[in-house]
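Engineer: model the following, please.
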Amino acid sequence: MDFHSLMGRASTMMTGKRNDDVISDRLNYRYTVTILVGFAILNMNRLHTDQIKCWIPAFFTPNYDEYVRSICFVQNTYFVEHTDKIPKSSNLKKENEILYYQWIPFFLLVKAFLFYIPRISWNTLGLKSGIQVGDLVELSYDYKQPSTDSAHRQTCMNHIIDTIDQYCNDHRRQHDSRAHLNVLQRCFSSGWCLTGKYLGNYLVVLYLTTKLMYIGVSLFQIYLLGLMLGSNFAFYGIQVIDRFFRGIHWDTESRLFPKTTLCDFTIREYGHPKLSHDYTVPCVLPLNLFNQQMFTLLYFWYVVVIALNICDFFVWLKAVTVRHRLDFIRKRLQTKKQSLVRDMKNQAKIRAFVNDYLESDGYFILSLIKENSSDYVATEVIQRLYIERFLPRYINETARTISIYDDIDTRKDANTKRSNLCSWIC
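Structural biologist: From the prediction side, this is the model:
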């Protein structure tokens, strides 16, 4: 059992659902989105209970206390080291402002939506292919269940076979329908998922494009965190590991997640519009202790997701090559009856089955069935497609082709005899 099948089974056990993708995709749109939404709800709840606490002069009344907390939460505070003097320049204060703590819940929700965009694209554009891969995976999973009665299992398998055969044997996907395309049109259509609908690789190109979107979104998330925190977040994990080995604890002040900041505000005296007083008070951000641990966890989670996205993209890029597709189908055809193994000596049939009948999309559908149900079901589907659907057509087309060539050869022989007789008479 390979890694994809193992993780796919674990995902099915956890969610109870079958999918038309693999575990690396679900790490993006399902698990990452769940983590981000959970953190957003948790921050939203804590935002109104323990947002900010500021030290105020003793002569301030309780009303002043509430005002100071509100104004320092609404406007940005700034961070200054305890050993440094408070800067007088407003520009220096601007450079050290903490911009994010009020907006973290909303920012996390935006990040969750960004992670779901590739899934929306895959679902929307996948409907244009003319086949519901998710339904086939669901049927293959039902076929595998031992509790399913034999009649229902046979109905599921027949529906899978009919659907894949209708998709792969569509006359618009035949080679004759593509003869009018020149080299430039063929290359463009093959590389762009929206135009290669009937070239046999629509689903594959769309899926690889979706994986590139996952990679781009996950990398863009690191960039967004850097913008929000006002620092280069790409190397934050290295700093965390360095601080860990140096024995620096979470309660240590840092520029990214300071626990104590400074807040400037002005109070105008009632009845004296020209008389105002400027104050600078220290404030405590209790949420930043939680935010520091939360963003540390998100950083290392993003590293894992990005690594898996990149690795899985190249794995699928290799998997859709002609050689790998041939090996995939040949291996599953050789695991069945002995009579079929002897028939395997005719490799031209296997190549025609893989390259002309299934093509990239058919192989992709079979791969997803294997990943999300079992290799046994995928092998059964491949066997029946090859024996019941492909071979009869292949034999008929071969016989028709031989008949046409025999007829041409017969006409040539008759013409030759006629010309020889004519020349002998003449």
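
Engineer: how about the helices in the stretch 1-150 of the chain?
Structural biologist: Assigned by DSSP state H, counting those that start in this stretch, the helices in the stretch 1-150 of the chain fall at 3-15, 23-26, 33-47, 62-74, 90-95, 104-126, 133-144, 150-168.

Engineer: buried set for stretch 307-327?
Structural biologist: Within stretch 307-327, the residues that count as buried by 16 or more other C-beta atoms under 10 Å are L308, N309, I310, D312, F313, V315, W316, A319, V320, R325, L326. C-betas here are computed from N, CA, C, even on glycine.

Engineer: how far out from the middle of the chain is that stretch?
Structural biologist: On the basis of C-alpha atoms, centre = their mean, to the nearest Å, stretch 307-327 is displaced by 15 Å from the centre of the chain it belongs to.

Engineer: could you give the mean pLDDT of it?
Structural biologist: The average pLDDT for stretch 307-327 rounds to 93.

Engineer: who's in contact with that stretch?
Structural biologist: 22, 24, 27-28, 201, 204, 207-208, 211-212, 214-215, 218, 328, 350-351, 354-355, 358, 360, 363-364, 367 (C-beta atoms under 8 Å, 6 or more residues apart in numbering).

Engineer: mark which of the residues you listed are buried, thanks.
Structural biologist: 22, 24, 27-28, 201, 204, 207-208, 211, 214-215, 218, 328, 350, 354-355, 358, 360, 363-364, 367.

Engineer: which of those residues fall in helices?
Structural biologist: Of those, the ones assigned to helices by DSSP state H are 24, 204, 207-208, 211, 214-215, 218, 328, 350, 360, 363-364, 367.

Engineer: in which helix or strand would I find Y279?
Structural biologist: strand 276-284 (DSSP states H and E).

Engineer: kindly report the domain assignment for this structure.
Structural biologist: 11-129+197-320, 151-192+322-407 (the TED database).

Engineer: any chance of the ones you listed in CSV, with distance to K144 too?
Structural biologist: Formatted as CSV, those follow (distance: least, C-beta to C-beta, whole Å):
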stretch, distance to K144
domain 11-129+197-320, 10
domain 151-192+322-407, 5
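
Engineer: which of those domains has the lowest average pLDDT?
Structural biologist: In terms of average pLDDT, domain 151-192+322-407 trails the rest of the domains of the chain, at a mean of 77.

Engineer: so who does the residue nearest to D65 when sequence neighbours are not counted touch?
Structural biologist: Spatial nearest neighbour of D65, excluding adjacent residues (C-beta to C-beta, 6 or more residues apart in numbering): I56 at 5.5 Å. Applying C-beta under 8 Å, 6+ apart, we find I56 in contact with Y64, D65, V68, V281.
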